[in-house]
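1. Quick one, structure for this:
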Amino acid sequence: MKKMIGITLATILTTALLSGCGSNSTTGSAADGGQSTEKITISTVTPWPLEDQFSSGYRLFEEKLLEKGNGRIEIVYRGGPESITPTEQAGAVKTGVVDLAYLAGSYYVSNMPEIASMTYANVGPDEELKNGARDYINQINQEKMNSIILARAPGTSAVFYTNKEIKTIADYQGLRIRTAPAYVPFVKALGMENVTVSSGEIYSALEKGIVDAVASNNLGTFDQGYAEQVKYKIFPPFYGNDIMIIMNLDKFNSLPADIQELIKETALEVEREVAKVHADLLAEEENNLKSVGMEFIEMTDAEAFDDLAQKAGWDWVKENSPEHGAKLEELFSKK
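-> Predicted coordinates for the structure are as follows:
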């Protein structure tokens, strides 16, 4: 099959070269450093509906890329979770079913445990770019997932929403919780019981007492539909979010050099701007949470809580990635 594809591709390229002789075409590739006037089509997907708060960074990226592309780029949005299951979207990018995804790394941690570093990191995005952390994780991502990490979308964190008043670490003992895979090591370290509940059943699970708590991003409680089913939001938050933009490596490498640079520059521009977008959305949401009666509680042993979160997370990374775990912790953790 590969041989047949190679022959077909060679035929296409030969035809294109012959037809282009003597023309004024300015198309080029990354290899020759040329600029392109050919329209580039990029297919995209998100694990959340397009109008969802978590998709705000994607909308910003699409808007900016189309504007900067000046007619050279066409984006075909394939849809949200109804088109490709969130946990399968990174795989879809890997195989080229879609070109680009704006998604959470935790959705593919079972395929690449090293990506949990983007969740457990407690250095900022700027430091990641300066100290080599982003380059290191990107290399692993390219090797294991055939995709390049273009940017991340900072500005939110993970928190616990509970129906029990929590003041100290000991108060978590025995709680039944619905959580994301990346938070499971910390949940277990706190003595909680992880209960598997799909995102669409969280409201019902809280209402029926199947779970006592939810570990989730501190943004999107209303979008997830359970804002009125929990009594307390517990501070401090623990991990940062791991939302990022990834693109199929073969697709990216096939693009003309100027388009590659445009995509990278636009993604990093969004990375710098989306934190403010998220902060504004979070401020609005917290006011709305208070208006429906949710109480905010500050833990009295916050420092010990944070230390436990870091230890649980990085112990899991090192156990599941002996080759890279220690280096990742070194790069993504504050000294």
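
2. Going by residue numbers, what spans are strands in the stretch 151-300 of the chain?
-> With DSSP state E, counting those that start in this stretch as the criterion, the stretch 151-300 of the chain has strands at 158-162, 176-178, 193-194, 213-217, 232-235, 243-248, 295-298.

3. Ile73: which of those strands is closest?
-> Closest approach to Ile73 among the strands of the stretch 151-300 of the chain is made by strand 243-248 (12.7 Å; C-beta to C-beta). Using the backbone N, CA and C atoms, a C-beta is placed for each residue, glycine as well.

4. partners of that closest one in the sheet?
-> The strands that strand 243-248 pairs with in its sheet are strand 100-104 (antiparallel), strand 147-152 (antiparallel) (by DSSP bridges).

5. Residues contacting it, please?
-> By C-beta atoms under 8 Å, 6 or more residues apart in numbering, the residues outside strand 243-248 that reach it are 42, 54, 57-58, 61, 90, 93-94, 96, 98-105, 118, 141, 145-153, 263, 267, 270.

6. between it and strand 213-217, how many degrees?
-> Angle between the axes of strand 243-248 and strand 213-217 is 60 degrees (criterion: axes from the mean of the first three to the mean of the last three C-alpha atoms, to 10 degrees).

7. residue ranges with poor pLDDT in this protein?
-> Along the chain, the parts satisfying pLDDT under 70 run over 1-36, 335.

8. Could I get the full set of helices for it?
-> Ranges of helices in the chain, per DSSP state H, are 2-20, 56-69, 89-95, 117-120, 125-131, 133-145, 184-189, 202-207, 221-224, 249-254, 257-291, 302-320, 325-332.

9. now, of those, which is deepest in the fold?
-> When the helices of the chain are scored by mean count of other C-beta atoms under 10 Å, the highest mean neighbour count falls to helix 117-120 (a mean of 26).

10. contacting residues around it?
-> The contact list for helix 117-120 (C-beta under 8 Å, 6+ apart) reads 105-106, 133, 137, 152, 158, 182, 239-242, 244, 310, 313-314, 317, 328-329, 331-333.

11. From the recorded domain assignment, give the ranges for the chain.
-> Following automatic domain parsing, one finds the domains of the chain at 37-156+241-281, 158-239+294-326.
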